[in-house]
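**Q** pasted the sequence and its predicted model underneath.
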Amino acid sequence: MKRRRFLTTLAAAPAVLAAQQGPPEFAPVTRETAAAAPRIGVNHFGFLPEAAKTAVVRGQEGPAEFTVWDVGAWRPVLRGRLRPVASDFGPAQLADFSRLRQPGLYQLSLGAGDHEHSPERSVPFFIAADVWRRTLPTVVGYYRYQRCGVAVPGVHDACHLDDARRRDTGEHVDTTGGWHDAGDLRKWMDTTMLNAVALLQLRRCLAAPRPGDPSGEALLEEARHGNTFFLKMQDRDGRVWHDVAGGLNGDNSDNHWTDNVTGTADDRFLNPEKTEQTAAIFTALQALAAREFASADPAYAARTLAASRRAWNGSSRRGSTAATAWWALAAAEWIGATGEPEFHAEGRRLAAELLARQQAGYAYDQSHVRGYWMDGAAPFVDIVNSAAPALALLALHDALPRAPERRAWLAAVQTYLEDYVRPLAARNAYGIVPTGLYTAPLSDETYRPLAGSLLYRYFLPVRRQFWWQGANCHLAAHALLLARFAAAAAGSAREEYRALAYRQLEWIAGANPFGASQITGLGVRQPYPHSRFVGLIPGGIMNGIAGNAADQPVLDRELRLDWRTCEYWSPHVAYYLWAVAALESLRG
Ligand SMILES: [Zn+2]
């Protein structure tokens, strides 16, 4: 991902960075582990009546039983025994109360005694049919706060009307609009385009909206706000510029409000670099927009389809694993949009390229895991795009019902889930998927032995480079992938994939070693976000729990404004929305 490469360069110039960024970016590395946190980790939003329901209790001391209380009736409704489990994050116990299906508001306490004298009580949680769906309006609402180029009443005045001047020539190019990407004011294409993808996918998945859902019109309007900027970022050759205000020399110097007057010293810069990955995401987004706007605004749909075709024709459609996956996703959208034979053939070529990048055998002297993706000679580690190769194969599987290879595409995704995702997720009590595999340590810190010469970390290495952070987007993207694959599975397998999908989201929603929700306004015990210009944003999702050198979880709950764990970021919000939408579509 470009932002990562960009920030990697910062490590070499910390003095420059300190001068330009000020203290918040240099907040001390988060030190706080879960030692002082609550022991009970349960999803604060709650559970669907039919879903598996678990809470994780850190440690194995204290009571061997738990009690679930109906808070409304103020009475105990279920008692059970805690089940000790081994976990990579230390000894733990599981409370399984899946058999409780009656809708209501509940609370779990440790022990079999009364509520008042329990050594610890959980955050109250609902059992209800809409516990996830009811979060959608709040999380969609996050994007309005992040709008650039317009006034957002109660948040900020019209901003950055002077974006931007080219880094290379100094020429002014109207690139106003879009969304601020994170807890800052910068506008990265690769990541903010995911917002529009998610809004349009949400509209697609919620084909039959219910009262309380974001309306299809509102989703199109928000997507169009962002897309107006994205369309301005396409150069005459069809290719797409990289960012506005990303910083001039890998620094944070463009991260400020401006006077809105073009040609003055505070104008921000447009980075005219053009990469395959940016073009691939742009092409997929514009084809998706063409399909979702087709009935509401045919002229706009035709415009986005034309932009998509120019980007498609202007690129080689070759590159990294992430770029290849996004080209494959673009091909699948085009097949749905027009059915032109060129896209069938190119979709099949791109799928073959993805299969060639999958480690299908038990490599590295072990017979435990396989099916993960490679990027060159190393396993693919990319917290934003980690699920994209498998998502792309599923998209092509759906788009090309007569392709002879489609069974092989589905089998490749199944191998990834069965022989990589599930065995790794089973190694911790919370069921989360680690961020990646390594074939050798890349820095002087813990890389957990897996089997043979394979190593893994739940969290990005912290001593390898300046840039590391929490990866809620990686978890939400896997929730999406598991939901998408569950749609193609049957019987108990379908339910198991679905349950594992929810566990990725539950970590974000409070089922974690800190017992903390990581979404502002939903659940409790959130840290204050690293959001230096507009403060709290309801529905904003933080980078989330990261790791220390020992690969144990850390989270800044001490108001250091630590960006690594607490900064808002587009990919988390985007994949959360898309995942919840896909899970809701499974429910019919
Ligand atoms: Zn702005």
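**A** Right, received. Where do you want to start? Only a predicted model underlies this, so the values are computations on that prediction, with no experimental measurement involved.

**Q** and the closest residue to residue 233 other than its chain neighbours, how many neighbours does it have?
**A** Nearest residue to residue 233, sequence neighbours excluded (CB to CB, 6 or more residues apart in numbering): residue 241, at 4.8 Å. (Glycine included, C-beta is placed from N, CA and C.) Neighbour count of residue 241, defined by other CB atoms under 10 Å: 23.

**Q** tell me who's in contact with residue 241.
**A** The contact partners of residue 241, taken as CB atoms under 8 Å, 6 or more residues apart in numbering, are 175, 189, 233-235, 270-274, 278.

**Q** among these, name the buried ones.
**A** The neighbour-count test (16 or more other CB atoms under 10 Å) marks 175, 189, 233-234, 270-272, 274, 278 as buried among the contacts of residue 241.

**Q** domains of the chain?
**A** Segmentation of the chain into domains, based on automatic domain parsing, reads 2-31+134-259+273-338+361-586, 46-130.

**Q** okay, the buried ones among the contacts of residue 241 in a markdown table with secondary structure and distance to residue 287 next?
**A** Below are those laid out as a markdown table (DSSP: H, G, I helix; E, B strand; the rest coil; distance: CB to CB, whole Å):
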| residue | secondary structure | distance to residue 287 |
| --- | --- | --- |
| 175 | coil | 22 |
| 189 | helix | 16 |
| 233 | coil | 16 |
| 234 | strand | 14 |
| 270 | strand | 25 |
| 271 | strand | 24 |
| 272 | coil | 24 |
| 274 | coil | 19 |
| 278 | helix | 15 |
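
**Q** which one of those residues is nearest the ion?
**A** Top of the list for closeness to the ion, among the buried ones among the contacts of residue 241 and by CB to the ion, is residue 175 at 11.0 Å.

**Q** ok, and the closest non-adjacent residue to residue 112?
**A** Sequence neighbours aside, residue 65 is the residue nearest to residue 112 in space, at 4.3 Å (criterion: CB to CB, 6+ apart).

**Q** count the neighbours of the one you found for me.
**A** 15.

**Q** buried residues, the helix or strand that contains residue 410. List them.
**A** Residue 410 belongs to helix 406-416 when assigned by DSSP states H and E. If you call a residue buried by 16+ other CB under 10 Å, then helix 406-416 has these buried ones: 406, 409-416.

**Q** per-residue confidence for residue 33?
**A** We have a pLDDT of 74 for residue 33.

**Q** which residues of the stretch 51-200 of the chain lie near the ion?
**A** Residues of the stretch 51-200 of the chain lying close to the ion by CB under 5 Å from the ion are 148, 159-160.

**Q** out of the residues you listed, who's the most crowded?
**A** residue 148 (27 neighbours).

**Q** surely that one touches residue 185?
**A** Yes - the pair residue 148 and residue 185 passes the contact test of CB atoms under 8 Å, sitting 7.4 Å apart.

**Q** what do the two both touch?
**A** Residues touching both residue 148 and residue 185 (CB under 8 Å, 6+ apart): 159-160.

**Q** can you lay out the buried residues of helix 406-416 as CSV showing distance to the ion?
**A** Output for the buried residues of helix 406-416, formatted as CSV (distance: CB to the ion, whole Å):
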residue, distance to the ion
406, 44
409, 41
410, 43
411, 46
412, 42
413, 39
414, 44
415, 44
416, 39
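
**Q** closest to the centroid, which residue in the protein?
**A** residue 473 (1.9 Å; CA atoms, centre = their mean).

**Q** okay if I get the residues of the stretch 51-200 of the chain next to the ion as CSV plus pLDDT?
**A** Shown next, in CSV, are these (pLDDT from 0 to 100):
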residue, pLDDT
148, 98
159, 98
160, 98
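
**Q** quick one: residue 576 from residue 413, how far?
**A** 21 Å (CB to CB, to the nearest Å).

**Q** correct me if wrong: residue 135 contacts residue 580.
**A** Yes - if you go by CB under 8 Å, residue 135 and residue 580 touch, sitting 6.8 Å apart.

**Q** neighbour count for the two, which is higher?
**A** For residue 135 versus residue 580, the count of surrounding residues by other CB under 10 Å is larger for residue 580: 26 against 21.

**Q** now do the contacts for the more buried one.
**A** Per CB under 8 Å, 6+ apart, neighbours of residue 580: 132-133, 135-136, 139, 505.

**Q** work out for me the element it sits within.
**A** Going by DSSP H and E, residue 580 is in helix 570-586.

**Q** same question for that helix, mean pLDDT?
**A** Averaged across helix 570-586, pLDDT comes to 97.

**Q** could I get the CA-only coordinates of that helix as PDB?
**A** Written as PDB, here are the backbone C-alpha positions of helix 570-586 (Å, rounded to 0.1, in the frame of the first residue of the first chain):
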ATOM      1  CA  SER A 570     -11.200   5.000   5.900                       C
ATOM      2  CA  PRO A 571     -10.500   1.300   5.300                       C
ATOM      3  CA  HIS A 572     -11.800   0.300   8.700                       C
ATOM      4  CA  VAL A 573     -15.100   2.000   8.100                       C
ATOM      5  CA  ALA A 574     -15.400   0.800   4.600                       C
ATOM      6  CA  TYR A 575     -14.800  -2.800   5.300                       C
ATOM      7  CA  TYR A 576     -17.000  -2.800   8.400                       C
ATOM      8  CA  LEU A 577     -20.000  -1.500   6.300                       C
ATOM      9  CA  TRP A 578     -19.400  -3.900   3.500                       C
ATOM     10  CA  ALA A 579     -19.000  -6.800   5.900                       C
ATOM     11  CA  VAL A 580     -22.200  -6.000   7.900                       C
ATOM     12  CA  ALA A 581     -24.100  -5.600   4.600                       C
ATOM     13  CA  ALA A 582     -22.800  -9.000   3.300                       C
ATOM     14  CA  LEU A 583     -23.800 -10.700   6.600                       C
ATOM     15  CA  GLU A 584     -27.200  -9.100   6.500                       C
ATOM     16  CA  SER A 585     -27.800 -10.200   2.900                       C
ATOM     17  CA  LEU A 586     -27.100 -13.800   4.200                       C
END
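
**Q** buried residues in that helix?
**A** Using 16+ other CB under 10 Å as the test for burial, helix 570-586 gives 570-585.

**Q** stretch 299-312 too?
**A** Quick answer for stretch 299-312 (16+ other CB under 10 Å): 300-301, 303-305, 307-312.

**Q** residues touching it, excluding its own?
**A** Contacts of stretch 299-312 (CB under 8 Å, 6+ apart): 224, 227, 231, 234, 238-240, 279, 282-287, 289-291, 293-294, 330, 333-334, 337-338.

**Q** and for the nearest residue to residue 52 once chain neighbours are set aside, the neighbour number?
**A** Spatial nearest neighbour of residue 52, chain neighbours left out: residue 499 (4.4 Å); criterion: CB to CB, 6+ apart. Neighbour count of residue 499, defined by other CB under 10 Å: 17.

**Q** can I take it that residue 499 is in a helix?
**A** Yes - when classified by DSSP: H, G, I helix; E, B strand; the rest coil, residue 499 is found to be part of a helix.

**Q** just the buried ones from the contacts of stretch 299-312?
**A** 224, 227, 231, 234, 238-240, 279, 282-287, 289-291, 293, 330, 333-334, 337.

**Q** kindly state the pLDDT recorded for residue 208?
**A** Confidence score, pLDDT, at residue 208: 86.

**Q** look up how far the ion lies from it.
**A** Distance, residue 208 to the ion, using CB to the ion, to the nearest Å: 36 Å.

**Q** now that residue: which helix or strand?
**A** Here residue 208 is covered by no helix or strand, with elements defined by DSSP H and E.

**Q** and for residue 202?
**A** Per DSSP H and E: helix 189-205 holds residue 202.
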